[in-house]
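Asks: Any chance you could fold what I've pasted below:
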Amino acid sequence: MLCTFADYGMSWDEPYAVVYGRNALAFFASLGAERRAAQGLVALRGAPFQLLVEGVAAFTPEHALLIRRLLTPLVGLLGVAGTYRLAGLLVLRPDDSERISRPIWRRPRRRFPRKGTTLPSSTDATLGTTSDTISDHNHPVGELAGRDAGLLAAAVLLLTPVYYGHMFINPADLPFAVAYVWGLFYGARFAQQWPRPSAGSIAGAGIAIGLGASMRIGGMLVLGYLLLLLLARVLASARSHGRAAGTRLLAVGVGPLCALLAIGYGALLAFWPAALLSPLAVPWASLLQAAAYPKHEPVLLAGSVFWSDDLPWFYQLGHLLVQLPEQWLLAAALGVPVVAAGLRAAARASDVARAAPAAMALLGAAVPLGCACVLRPVDYDGMRHVLFVVPPLACLAGAGLCFALQRLALRPAACALLVALLAGSSARTLATMIELHPYQYVYYNALAGGTPGARGRFELDYWVTSFGDAMGQLGAVLAREPRAPGAPPQRLLVCGHAAVAYMYLPPNVVLSRELERADFVLATTKWSCQDRYPGEVVAQVQRMGVPLAVVKRLRPPLVTATAALKPDSSP
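Replies: Model (predicted):
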């Protein structure tokens, strides 16, 4: 990662993020006197990541672009760590695996004791946790399985091209995905330990939820999951031990919950200039804007064109199916019923604290996708707006793989076959990621025919990160073409996001908005933009035979090599 981070180009969202980060830095440096960061649509989001990047870049402005390239993947690795921690809570002990996988016709009719009785450890049907009040913390098999599930989930996430690719180029959705998975983890820990959670769980949950909500107001969903779990725990206590017990539980736990809300609200406002000026109105306006985002543009899906504000209900589900590697789709499909079975067992045992990690992982993946299907919000650019569900899906995939390996542990041949299949499919995914480098996020699986099959049917380099490579190739072409001293600069027309091209302009090249005066055109292949302009192709960025960016010469050079040499050859 340290050897390749400089290979990634700038995305079209980064120039706006840079400006917002600098304005936010000026806001805090002037103690609120400089208020450009509180103006415009971008002000409806907080700037914790932008402040971090611009604050570090201010010390070495000559290397600002490289610093941004490096800090983004480092934050992405925090998401991998959060996935490891959350998946480590989804532990199935061997007796649980045997119980869940037993055919339904072989299960006893009543597996759990009646209300008010103590659940014996031999029938303790639960997903393991790390809470000090739960016995699985000291269970050696549980610790080993938790570590295995966490490592498997982390490997799944790192070998998911869409997440890995966004780790280097996405200054908005990637940091939110990191905050989201840590919010799920600390939310699960808080629910496990409630009504007397540790100070670390209170602070961790509050900070993660608050920072996530400041970057995307939808991060408040994590708080909704947590409140739902706490309500279920109060109801379970009232049902098992009487209404007075439920009331006492709520009375004891309301203090830590208020502390979490206070820390979360403070984290929400801390790095959000506009919200600091209007603590209630701006978050509310952000919520209203998220519900009706003002964007109306064509969107490509499976070869058909839709409008961004009138998409089919399966837009995001369809992208998940074709952009996640096939083996991880199968692993997640196995993990969902496994984790759901453990959640159901814990719920029937009136043990809501043990069900918290499973509920957080399932809700964290299912609720946003369900909302996208039912509400059909404004959307575009593939699955980048639901990138945050990939870590909880990786947790479910890790739990599914851990369950399968546990079940096959006593069958060496079958276990070896499963390991070989996983190794082979992972090696194939890794080879594809290397071939696509540094554009891993344009990966599509076999359901879409791979990246070549997705050409013209799905959006590929919508971030136009290939513009930097294309500009480098154009610079090499121009360096081989001698120019007479004092010749006017070459003019470049951009079909795409000109702000990205501007960051990589070769020497003696300027941008032009007029086709008649342009010498070259730089075009993204989105919407076949390169086909709108006739001319000679002088530079092209492609992967797996699929062009991502094209540079065409619109008219022959004004000064040829022979003409440029004539003054030197005259007597």
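
Asks: Quick check: buried residues in stretch 413-429?
Replies: Counting neighbours by 16 or more other C-beta atoms under 10 Å, one finds that the buried residues in stretch 413-429 are Cys415, Leu418, Leu422, Ser425, Ser426, Thr429. In short, each C-beta sits where N, CA and C put it, glycine included.

Asks: host element of the second one?
Replies: Using DSSP states H and E, Leu418 sits within helix 412-436.

Asks: backbone phi and psi for Glu297, please?
Replies: Per-residue torsions, Glu297: phi -150, psi 160 (degrees, to the nearest 10).

Asks: Name the nearest residue to it, sequence neighbours excluded.
Replies: Using C-beta to C-beta, 6 or more residues apart in numbering and skipping residues adjacent in sequence, the residue nearest Glu297 is Ser308, 5.0 Å away.

Asks: wait, the one you found sits on Pro377?
Replies: No. With contact defined as C-beta atoms under 8 Å, Ser308 does not reach Pro377; the gap is 9.6 Å.

Asks: Reformat the buried residues of stretch 413-429 as CSV; add pLDDT.
Replies: Output for those, formatted as CSV (pLDDT from 0 to 100):
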residue, pLDDT
Cys415, 89
Leu418, 92
Leu422, 93
Ser425, 94
Ser426, 95
Thr429, 96
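
Asks: Let me know whether Ile202 touches Phe190 as I believe.
Replies: Yes. The pair Ile202 and Phe190 qualifies as a contact (C-beta under 8 Å) at a distance of 6.7 Å.

Asks: Mutual contacts of those two, please.
Replies: Common contact partners of Ile202 and Phe190 (C-beta atoms under 8 Å, 6 or more residues apart in numbering): Pro256, Leu260.

Asks: Mind splitting this protein into its structural domains?
Replies: Split into domains by automatic domain parsing, the chain comes to 10-429, 467-569.

Asks: Among the ones you listed, which comes closest to Gly449?
Replies: Taking C-beta to C-beta as the criterion, Gly449 comes closest to domain 10-429 out of the domains of the chain, the separation being 9.1 Å.

Asks: Just the endpoints, please. Distance across that closest one?
Replies: Criterion C-alpha to C-alpha, to the nearest Å; first-to-last residue distance in domain 10-429 is 24 Å.

Asks: residue ranges for the helices of the stretch 201-350 of the chain, please.
Replies: 220-241, 243-270, 273-277, 281-291, 315-323, 326-348 (DSSP state H, counting those that start in this stretch).

Asks: And those helices: which comes nearest Val181?
Replies: Across the helices of the stretch 201-350 of the chain, Val181 has its closest neighbour in helix 220-241 (9.6 Å, C-beta to C-beta).

Asks: Now do that closest one, average pLDDT.
Replies: What helix 220-241 shows for mean pLDDT is 91.

Asks: Give the buried residues for it.
Replies: Judged by neighbour count (16+ other C-beta under 10 Å), helix 220-241 contains these buried residues: 220-223, 225-226, 229-230, 232-234, 236-238.

Asks: Just name the closest of those to Leu257, please.
Replies: When the buried residues of helix 220-241 are ranked by distance to Leu257 (C-beta to C-beta), Leu230 comes first, at 7.0 Å.

Asks: okay but that closest one is in contact with Trp194, surely?
Replies: Yes. Using C-beta under 8 Å, Leu230 and Trp194 qualify as a contacting pair, with a distance of 6.1 Å.

Asks: and Arg69, how far is that from Gly9?
Replies: With distances defined as C-beta to C-beta, to the nearest Å, the gap from Arg69 to Gly9 amounts to 9 Å.

Asks: These two: who's more crowded?
Replies: Gly9 (27 against 20; other C-beta atoms under 10 Å).

Asks: ok so, going back, what do Leu230 and Trp194 both touch?
Replies: With contacts taken as C-beta under 8 Å, 6+ apart, the residues that reach both Leu230 and Trp194 are Gly253, Leu257.

Asks: rewinding a little: relative to Tyr439, which of the domains of the chain is closest?
Replies: Between Tyr439 and those, the shortest gap by C-beta to C-beta is with domain 467-569, which sits at 5.6 Å.

Asks: Any idea how far the closest one is from the middle of the chain?
Replies: Mean C-alpha position of domain 467-569 versus that of the full chain (C-alpha atoms, centre = their mean, to the nearest Å) differs by 34 Å.

Asks: what about the residue nearest to Glu297, how many neighbours?
Replies: When counting by other C-beta under 10 Å, one arrives at 17 neighbours for Ser308.

Asks: Over to Met544?
Replies: Number of residues near Met544 (other C-beta under 10 Å) recorded here: 17.

Asks: Helix or strand: which one has the closest residue to it other than its chain neighbours?
Replies: The shortest distance from Met544 to any residue other than its chain neighbours is 5.0 Å, reached at Thr451 (C-beta to C-beta, 6+ apart). The secondary structure element spanning Thr451 is helix 450-454 (assigned by DSSP H and E).

Asks: And that helix, what's buried?
Replies: Gly450, Thr451, Gly453, Ala454.

Asks: so after it, what's the next helix or strand?
Replies: Proceeding C-terminally, helix 450-454 gives way to helix 467-479 as the next helix or strand, assigned by DSSP H and E.

Asks: low pLDDT regions in the stretch 51-200 of the chain?
Replies: 91-146 (pLDDT under 70).
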